[in-house]
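1. Got a sequence here, can you model it:
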Amino acid sequence: MNADRLFFLQYGAERVSKNLSLAGGRHHLYWEPLFGALVETREGWVLLDTGMSRSAHEDPVNSAAYAAGCAGAPNLDEQWHLYPEPPEGRYNWGNGENPLETALAEIGLVPGDITLAAVSHMHVDHSGGIPTLARAGATIAIQQAELDFVRSGAVGIAEGFYEPDWSEPGTRWRMLDGDEELAPGVHALATPGHTPGHQSFRVELPESGTWVMAGDAADLAQNFLDHVHCGSYAGGTDADEADARASFQKLLAVSRETSAHLIPGHDQVVLNAVHHPKGGHR
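-> This is a model prediction of the structure:
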């Protein structure tokens with residue numbers, strides 16, 4: 001069964017080193033977009049990834065972590081040269097007072113219109129809309145391994161995980177364990193490695209076919225062109241890197257089998273190229 005329509009939402013952007021996106025990459029800064037996919041299905045609107053919250057954008061510890069990650073890069077003072085141009089900050093920017101609400105409003109929706117939101121992983125640049133959506137009544141789908149990881153206390157804001165995103169009282173969680181259909185035409189693909197419970201997404205549409213959203217299993221088109229998995233593993237072990245390598249191969253296999261539109265998780269050129277037509281991709 002297919003979904004009905006697909007939209008891409010940009011919540012903002014972050015400045016990060018290429019070596020986080022590409023295993024063995026050099027320390028060179030990119031502005032990488034924060035974005036999600038909004039899917040209309042027979043069971044309602046499904047949102048895939050939620051960006052960074054305004055409070056996290058403004059959190060001094062989070063800002064210090066971004067600054068530390070950018071320090072020493074040879075292009076630190078280079079100006080951004082693609083559309084959209086970041087209107088604020090040296091290290092990250094968010095679209096409006098509430099980036100999630102701002103992005104949804106561009107489609108004519110509000111958080112209360114979202115039935116289900118699935119989050120690829122709990123890094124601060126993907127999980128920020130959870131409290132807004134939870135208060136609006138949406139269910140949040142996450143791999144059990146991911147929620148267990150962030151609740152363990154092993155990581156915090158200095159490592160890119162923002163506790164308020166998963167601590168909203170009354171959040172209705174839908175716990176996943178591996179690949180699963182989330183709604184008609186929308187599937188979670190377990191792709192651990194970047195984080196222990198990372199997941200990517202596959203969307204089936206009637207006219208344009210299969211879309212695969214890699215999330216941070218592959219940030220850039222260059223990952224796929226050069227056959228290089230991601231360069232950052234929150235678990236910090238050799239096993240995590242091995243998982244990331246296997247997850248990358250899984251995405252390539254799914255793409256080959258389905259002739260998918262393969263969308264990396266943080267590539268502004270690709271995001272601009274696939275920006276939805278009026279009425280969405282069908």
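2. Let me see the ranges of the helices in this structure.
-> In order along the chain, the chain carries the following helices (DSSP state H): 18-21, 54-58, 60-70, 99-105, 124-127, 130-135, 144-151, 221-226, 238-258, 268-273.
3. Any idea how many residues pack against the closest residue to residue 15 other than its chain neighbours?
-> Nearest residue to residue 15 in three dimensions, chain neighbours excluded: residue 91, at 4.8 Å (Cβ to Cβ, 6 or more residues apart in numbering). Backbone N, C-alpha and C define where each C-beta goes, glycine included. The number of residues packed around residue 91, counting by other Cβ atoms under 10 Å, is 21.
4. Isn't residue 91 up against residue 63?
-> Yes - between residue 91 and residue 63 there is a contact under Cβ atoms under 8 Å: 6.4 Å.
5. Make sure residue 209 is actually in contact with residue 262.
-> No - taking Cβ under 8 Å as the contact criterion, residue 209 and residue 262 are not neighbours in contact, 11.7 Å apart.
6. more neighbours, those two?
-> Per other Cβ under 10 Å, whichever of residue 209 and residue 262 has more neighbours is residue 262, with 21 against 14.
7. State the pLDDT value of the more buried one.
-> Reported pLDDT at residue 262 in the predicted model: 98.
8. ok, it to residue 149 distance?
-> 26 Å (Cβ to Cβ, to the nearest Å).
9. Same question for residue 99.
-> With Cβ to Cβ as the criterion, residue 99 and residue 149 are 24 Å apart.
10. and if you look at residue 68?
-> 22 Å.
11. ok, these two, which is more surrounded?
-> Higher neighbour count among residue 68 and residue 149: residue 149, with 22 against 11, using other Cβ under 10 Å.
12. Who are the contact partners of the residue nearest to that one when sequence neighbours are not counted?
-> Counting by Cβ to Cβ, 6+ apart, residue 149 lies nearest to residue 196, which is 4.6 Å off, once chain neighbours are set aside. The contact partners of residue 196, taken as Cβ atoms under 8 Å, 6 or more residues apart in numbering, are 145-146, 148-149, 234-235, 240.
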